[in-house]
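S.K.: Any chance you could fold what I've pasted below:
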Amino acid sequence: MSKKKVIEVVKDILNPFLIANGYELFDAEYVKEGKDWFLRIYIDKEDGISLDDCEKVSNYLSSKLDEVDPIETNYLLEVSSPGIDRPLIKDSDYVKYKGRIVEVFLYKAINSEKVITGVLEGLERNFIILSDENQENINIPRDIVSKVKLAVIF
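M.R.: Numbering: from 1, shown residues only. A predicted model of the protein is given here:
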């Protein structure tokens, strides 16, 4: 079964449980690292994710995957939160985190910079819009962006 198909099956199994328990599926990935396969599930909820939440989802999913057995190879199941430096993946993330400080990692430098930090102003057409420390907008073409994540400020 392809990696994409595995993720689709897992989402189909997991989504009703997540919704019923007040969680949302932030992301899922099925990847090979070295000789091992990992099924990673990232969950979220409004007031944050605890270790108990991860355990609850892991136990449910593990049980259901044992019943259905859709994955042919051995794998390790990991369930966690996306973390405080969570990546912005979906377009809705750019609405949800508007006004927060983000780090934008680029494939191609802008003004000799490959990492740009600023306040997220939004996503328009194919541009991520940040404001810098001078409140000037920076429009970053999405096709040169490798990753966007919330900045962790101490």
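
S.K.: any chance you could map the strands in this structure?
M.R.: With DSSP state E as the criterion, the chain has strands at 24-33, 36-44, 76-80, 101-110, 113-124, 127-131, 137-141, 145-150.

S.K.: Show me what the mean pLDDT comes to for the fourth one.
M.R.: Mean pLDDT, strand 101-110: 94.

S.K.: could you check the angle strand 127-131 makes with that strand?
M.R.: Using axes from the mean of the first three to the mean of the last three CA atoms, to 10 degrees, one finds that strand 101-110 and strand 127-131 are set 120 degrees apart in direction.

S.K.: just to revisit the earlier point, next, format the strands of the chain as JSON lines and append distance to residue 95 and mean neighbour count.
M.R.: For glycine as for every other residue, the C-beta is placed from the backbone atoms N, C-alpha and C. Compiled in JSON lines, these are given as follows (distance: least, CB to CB, whole Å; neighbours: other CB atoms under 10 Å):
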{"stretch": "strand 24-33", "distance to residue 95": "14", "mean neighbour count": "14"}
{"stretch": "strand 36-44", "distance to residue 95": "15", "mean neighbour count": "18"}
{"stretch": "strand 76-80", "distance to residue 95": "24", "mean neighbour count": "15"}
{"stretch": "strand 101-110", "distance to residue 95": "13", "mean neighbour count": "15"}
{"stretch": "strand 113-124", "distance to residue 95": "7", "mean neighbour count": "16"}
{"stretch": "strand 127-131", "distance to residue 95": "12", "mean neighbour count": "18"}
{"stretch": "strand 137-141", "distance to residue 95": "17", "mean neighbour count": "15"}
{"stretch": "strand 145-150", "distance to residue 95": "13", "mean neighbour count": "17"}
